[in-house]
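**Q** Starting from these lines, generate the structure:
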Amino acid sequence: MPRRASSFVNSVGVNVHMSYFDTSYDHWQEVRAKLLELGVRHVRDGACPGCKEQRRRLLALGAAGVRVDYIMGRPGDPLSRFVHMLAGPMRSTVDAVEGPNEYDASGDHHWASRLRSYQRRLYRLVKRTHALTGVPVFGPTLVSGDDFRRLGSLRRYTDFGNVHPYSGGQVPAANLQYNRHVEELVAPRRPVVASEAGFHDAIASSSGNRPVSDRAQAEYVPRLFLDFFNAGVVRTYLYELLDERPNPSRTDLEKHFGLLHPGFAEKPAFRTLKALLASVAPVDPSAFPLTPLAYQVEPGAPADLQQLLLQTGPRSYALVLWRNVSVWNTERLRVLYPASRIVHLALGGGAVATGVRDIGRRHPKPAAGASVAVRLAGMPKVISITR
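**A** This is a model prediction of the structure:
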């Protein structure tokens, strides 16, 4: 059975900083244009009751169809003001709200008890506010693995668990299983979102979160969303849309997580993610029943093959194929070139392939027939199918 293409597209989000007026985010109209061009309609940002200009800009995003997951401050902040703001003039922008961001790294010696209390208040306030009916509450995020146990279960006060599974330059899902495991201590048996994940290209950085090349980022970013969706993560917010400031020495990783350079020039990863989303976008906005597609991966396929079948219309599908292979050496900071492998597919039930898209290239190749051979290395490919 396929999954709905709209479900995958809606699983894709990015982090923005619309109140960082001294960074490239100050050019908010270009930010909005790039989000729409990319095909992303979900962003994550911090709630700020006193930031009138940020609110104006987020309302403009909302009018363009982009909704926001709001980080709801931290212990000591006037939580009722945050909730009142979202229930009032900002309601049209609200996708979700979430607890404090990585508060265990704040230096507060009493962080665990204060965070528990704050999350309880957040959840109760949101659920008691009629205007916010239906708005999900994400749990808080943590940095240290030991701190998940210290914080303990907040199941009663979260609708979704929340993780930050950065892979440190390794394959995208390298740390996802561990993060989901420890998050079970905080949000047991809750569905999970990843409010931050991604890759930076600060090649001269000495951080333990290792950098990647632009080429590796271009291959890993689309695979990150595919891997996480296949693993059941409901939504993933890439960190982040835009490099905040120039850093020619490439030593400061915080300035190099973007899909765009500070001047809005596109990195290759922007183009590959855009191509993926365009290749799997629903072709029919109306509701339609999901129907099985008969296909077989013939013997000889690599053991690391990954696949996601999406239904894009009543009789159309997008089959995404990729491999869980490394394309970057994190120690030597060198590109790896995995040997390509050919995957042979046989379609049944009258289905035919109409095109194969390597998302690293500009144009798809036409295809026709009930059998197709796809050469896979590190970059995902999308097979368009009709029946």
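**Q** As a check, name the ranges of all helices in the stretch 201-350 of the chain.
**A** 214-230, 268-280 (DSSP state H, counting those that start in this stretch).
**Q** for the last one, packing partners?
**A** The helices and strands touching helix 268-280, judged by 3 or more Cβ pairs under 8 Å, 6 or more residues apart in numbering; DSSP states H and E, are helix 5-9, helix 28-38, helix 214-230, strand 316-323, strand 381-386. The C-beta positions use only the backbone N, C-alpha and C, and glycine is treated the same way.
**Q** let's see 10 Å
**A** Counting contacts by 3 or more Cβ pairs under 10 Å, 6 or more residues apart in numbering; DSSP states H and E, helix 268-280 is packed against helix 5-9, strand 12-15, helix 28-38, helix 214-230, strand 305-313, strand 316-323, strand 352-358, strand 381-386.
**Q** Now mean neighbour count, mean pLDDT and distance to residue 259 too, for those, in TSV please.
**A** Below are the helices and strands packed on helix 268-280 laid out as TSV (neighbours: other Cβ atoms under 10 Å; pLDDT from 0 to 100; distance: least, Cβ to Cβ, whole Å):
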stretch	mean neighbour count	mean pLDDT	distance to residue 259
helix 5-9	19	97	16
strand 12-15	24	98	7
helix 28-38	17	98	7
helix 214-230	23	98	7
strand 305-313	20	98	21
strand 316-323	23	98	19
strand 352-358	19	95	19
strand 381-386	22	97	19
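**Q** Can you lay out those as JSON lines showing distance to residue 131?
**A** JSON lines is the format used below for the helices and strands packed on helix 268-280 (distance: least, Cβ to Cβ, whole Å):
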{"stretch": "helix 5-9", "distance to residue 131": "26"}
{"stretch": "strand 12-15", "distance to residue 131": "23"}
{"stretch": "helix 28-38", "distance to residue 131": "25"}
{"stretch": "helix 214-230", "distance to residue 131": "31"}
{"stretch": "strand 305-313", "distance to residue 131": "34"}
{"stretch": "strand 316-323", "distance to residue 131": "37"}
{"stretch": "strand 352-358", "distance to residue 131": "43"}
{"stretch": "strand 381-386", "distance to residue 131": "40"}
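**Q** Residue 125: which of these is closest?
**A** strand 12-15 (23.7 Å; Cβ to Cβ).
**Q** thinking again about what came up before, let me know which of the helices and strands packed on helix 268-280 is the nearest to residue 236.
**A** Of those, nearest to residue 236 by Cβ to Cβ is helix 214-230, at 4.6 Å.
**Q** what's the angle from that closest one to strand 305-313?
**A** 70 degrees (axes from the mean of the first three to the mean of the last three Cα atoms, to 10 degrees).
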